[in-house]
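[1] dropping the sequence and predicted coords here.
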Amino acid sequence: MFGENIRLALKNLITNKMRTLLSLLGIMIGVSSVILITTLGSSAALNIKKEIASSGMDLIMIYGGWGNARSREIFHPGLGEELAESLPGVIDSTPNLTSSVLAKSRSKEASFSLGCISPSYRNVFNIKMAAGRFISQRDSKEKYPGVVLGNKTARSLFPAGGAVGSPIKLIVGKTAYQFTVLGVMKKKDSNMGAEFDNVILMDLNYYKSRIVKVDIIDSFFLKAADPEAAADAKLEIKEYLSSKTSEKDAFWVESPSSISEMFSKVTGTLNIVLACIAGISLLVGGIGIMNIMLVSVTERTREIGIRKALGAPPSAIRGQFLTESAVLTLIGGVVGVLLGIGLGKAATSIMSWSFSLVPAACVLSLGFSAVIGIFFGLYPAVRASKLDPIEALSRE
Amino acid sequence: MDVNKVIIELENVRKEYHMGDNIVNALDGFSLQINSGELTSIIGPSGSGKSTLMNIIGCLDRPTSGSVFLEGNDISLMNDKQLSRIRNHSIGFVFQQFNLLPRLSILENVETPLMYAGVKASKRKKMAEDALNKVGLGERISHKPTELSGGQKQRAAIARAIVTSPSLILADEPTGALDTATGEIIMNLFHQLNNEGRTIVIVTHDMEVSEKCERIIRVRDGRMEV
């Protein structure tokens, strides 16, 4: 009987193609706008996350607090590795020891900020090279005397270009050290106090074994798995470090997670707005369906009368019209989902975002449109089932 | 079939209609008994109450007072659902305007009462084809009703009426929309079905149709004319 009803419903809908299309418009527009908005929302979120990740939302910084001198228990050179190993939220780390240095190329000399870091620095900050290469693990192990220059550093020391492979002298205290330029970084905006353009980067391992013996590091940069993980990782780090020292304010742990929190708040608001839009448009669509089903019942009064004379119980008539309106709205839902996906693809490709569909939105709006069909089809169907067969049969 | 079995029995049936402030007595204490295997005609002018009588016999309507027994069951006490079941199993309707469902094929039209009876699809098709063969409409069964002549439509409607093997076939002016020759053929078909033992009631205002039936019931002013 159910299969029969579906067949009948499709037959009727095909017979009145134009009317079917028009009555579906409401549901179609409702569903497609839900799909479009969720797609745009999730694509935008994906993009913002990517941008945040590339600009360091996944970063966490540890530096000394207001307290006394940095404690040896915390700020030892291996702290970064230690945290990365013991906390799953932390995936990479670099120490950061800054001082200033006088640098001399063949033709120029100038003062720059010297950053003593580990090869992981490149990954932590997503460093891109303009020329040459970054300091490698092997350089660090073999204590190779190589440095990496920031973009502006390279231009002021080597105005004619050809920095990579050139010798460079760094004067620390009163001693001059000979280095080779390994590479030049691309321009990059500063991030959480880290600066990239006016710097010279050197491997910390080399620095502490060949230049100045150090056992306390200024600060550490850590990289979290993703921006959401940064907030949790920050708390974990605080807990971990607190267990190492009883001193108050011995350290500060910072991350741009507050921005990340704000972002998820915005997304939450967007979802509420979305739910309202969806609700209103589906309601309007549903009223349209009810209207068209009432017309359909009136038009087919005679058919209902005949069916009743042939022995259709009220439940069968009700089922027939309910199935018809559910099928109607389900078709609207399917078309709406397809339309929404198409529009979403077009919009994301225009904005050159990566396309991200929300499968739950598709399933929910399909389910919801069927429910709308049944809900708004109920009144017309009940009305049809209660028609007096004699009166119905006498209708032309 | 038991020839003397009572199929339908009306006992002092009254049916009142409210027309504004007036009460119209469409049936005014009507009693009637139809036995199995009879070919009966109910004849009367328009407004005589014969349509009301037909609706009550056909279990489409309940009397205001009095009782109606269909094969011993009092239908005046039944609800809509029970009445629809009775119509499905025990009554086969044939209408003046054929009343075939326009969007369905002839075969599907004949299958419709079986669908409501809950017969399986495969069995349904076989039964519908048998009924169509019986009325001489073995071909064109996949056509829509609009593609058929009036006579063919009425044959299809008769096939639909007999497909559930009802206890009573109730025909309302079955030849009213047909030319004389075609009407003759349809009346012959009713005779043939009656000879096979089916109980048939034909409601008409046409004397010629009525006279072809073995029993004639005349209705006037809501009463049986003797």
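    Received it, and whenever you're ready, just let me know what you need.
[2] who are the packing partners of the helix or strand hosting B:Lys81?
    Using DSSP states H and E, B:Lys81 falls within helix B:80-90. Counting contacts by 3 or more CB pairs under 8 Å, 6 or more residues apart in numbering or on different chains; DSSP states H and E, helix B:80-90 packs against helix A:301-309, helix A:314-350, helix B:106-116. No exception for glycine: its C-beta is placed from N, CA and C like everyone else's.
[3] again, only this time at 7 Å
    Of the remaining helices and strands, none touches helix B:80-90 by 3 or more CB pairs under 7 Å, 6 or more residues apart in numbering or on different chains; DSSP states H and E.
[4] next, the angle helix B:106-116 makes with it.
    Helix B:80-90 and helix B:106-116 meet at an angle of 130 degrees, taking axes from the mean of the first three to the mean of the last three CA atoms, to 10 degrees as the criterion.
[5] do the helix or strand just after helix B:80-90 and chain A meet at all?
    Downstream of helix B:80-90, the next assigned helix or strand under DSSP H and E is strand B:91-94. Yes - Strand B:91-94 comes into contact with chain A (CB under 7 Å from any CB of the partner chain), by way of B:Phe93.
[6] return the backbone torsion pair for the residue in chain A that chain B sits nearest to.
    Residue of chain A nearest chain B, by CB to the nearest CB: A:Gly311 (2.2 Å). Here is the backbone geometry of A:Gly311 (degrees, to the nearest 10): phi 110, psi 20.
[7] and the closest residue to it other than its chain neighbours, how far is that from B:Ile8?
    Counting by CB to CB, 6 or more residues apart in numbering or on different chains, A:Gly311 lies nearest to B:Asn88, which is 2.2 Å off, once chain neighbours are set aside. As judged by CB to CB, to the nearest Å, B:Asn88 and B:Ile8 stand 16 Å apart.
[8] secondary structure element for the residue positioned nearest the centre of chain B?
    In chain B, the centroid-proximal residue (CA atoms, centre = their mean) is B:Leu170; its distance is 1.5 Å. Using DSSP H and E, B:Leu170 falls within strand B:168-172.
[9] tell me which residues of that strand are tucked away?
    B:Leu168, B:Ile169, B:Leu170, B:Ala171, B:Asp172 (16 or more other CB atoms under 10 Å in any protein chain shown).
[10] now render these as TSV, adding pLDDT and distance to A:Leu40.
    Shown next, in TSV, are the buried residues of strand B:168-172 (pLDDT from 0 to 100; distance: CB to CB, whole Å):
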residue	pLDDT	distance to A:Leu40
B:Leu168	95	66
B:Ile169	96	65
B:Leu170	96	63
B:Ala171	95	65
B:Asp172	93	62
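[11] spell out which parts of chain B neighbour chain A.
    B:55, B:60-61, B:80-81, B:84-85, B:87-88, B:93, B:99, B:101, B:103, B:112-113, B:115-117.
[12] going through those residues, which ones are buried?
    Buried members of the residues of chain B next to chain A, scored by 16+ other CB under 10 Å, are B:55, B:60-61, B:84-85, B:87-88, B:93, B:99, B:101, B:103, B:112-113, B:115-117.
[13] how far does the helix or strand bottoming out on mean pLDDT in chain B sit from the chain's center?
    Lowest on mean pLDDT, DSSP states H and E among the helices and strands of chain B sits strand B:223-225, with a mean of 87. Put simply, strand B:223-225 sits 20 Å off its chain's centre (CA atoms, centre = their mean, to the nearest Å).
[14] which ones are touching the residue in chain B positioned nearest to chain A?
    Going by CB to the nearest CB, chain A is nearest to B:Asn88 of chain B, at 2.2 Å. Contacts for B:Asn88 (CB atoms under 7 Å, 6 or more residues apart in numbering or on different chains) come out as A:Leu310, A:Gly311, B:Pro113, B:Tyr116, B:Ala117, B:Thr164.
[15] confidence score at it?
    pLDDT for B:Asn88: 95.
[16] any low-confidence regions in the stretch 201-350 of chain A?
    Along the stretch 201-350 of chain A, the model assigns pLDDT under 70 to residues A:257-263.
[17] residue numbers of it in contact with chain B?
    A:Glu303, A:Ile306, A:Lys308, A:Ala309, A:Leu310, A:Gly311, A:Ala312, A:Pro313, A:Pro314, A:Ala316.
[18] quick one: the fifth one and B:Pro113 touch, right?
    When you say that, I think you mean A:Leu310. Yes - between A:Leu310 and B:Pro113 there is a contact under CB atoms under 7 Å: 4.5 Å.
[19] that older thread, buried ones in the next helix or strand after the strand holding B:Leu170?
    As assigned by DSSP H and E, the chain's next helix or strand after strand B:168-172 is helix B:180-195. By neighbour count on 16+ other CB under 10 Å, the buried set for helix B:180-195 is B:Thr182, B:Gly183, B:Ile186, B:Met187, B:Leu189, B:Phe190, B:Leu193, B:Asn194.
[20] neighbours around A:Ser243, how many?
    8 (other CB atoms under 10 Å in any protein chain shown).
[21] look up how far B:Val209 lies from it.
    Distance from A:Ser243 to B:Val209, by CB to CB: 106 Å.
[22] looking at the longest strand along chain A now, give me its mean pLDDT.
    Using DSSP state E to define each element, chain A has its longest strand at strand A:90-104. For strand A:90-104, the mean per-residue pLDDT is 91.
[23] from the contact counts, what lies against it?
    Right, strand A:90-104 is packed against helix A:79-86, strand A:109-117, helix A:121-124, strand A:167-172, strand A:219-224 by 3+ CB pairs under 7 Å, 6+ apart.
[24] by contact count, what packs against the first one?
    Going back to what we said before, that points to helix A:79-86. By 3+ CB pairs under 7 Å, 6+ apart, helix A:79-86 packs against strand A:90-104, strand A:219-224, helix A:227-242.
[25] format these as TSV; extra columns: mean neighbour count and distance to A:Asn205.
    Shown next, in TSV, are the helices and strands packed on helix A:79-86 (neighbours: other CB atoms under 10 Å in any protein chain shown; distance: least, CB to CB, whole Å):
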stretch	mean neighbour count	distance to A:Asn205
strand A:90-104	20	10
strand A:219-224	26	15
helix A:227-242	19	23
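[26] A:Tyr207: which of these is closest?
    The closest of the helices and strands packed on helix A:79-86 to A:Tyr207 is strand A:90-104. By CB to CB, the value is 7.2 Å.
[27] each with direction, which strands does that closest one pair with?
    Applying DSSP bridges, strand A:90-104 is found paired with strand A:109-117 (antiparallel), strand A:167-172 (antiparallel), strand A:219-224 (antiparallel).
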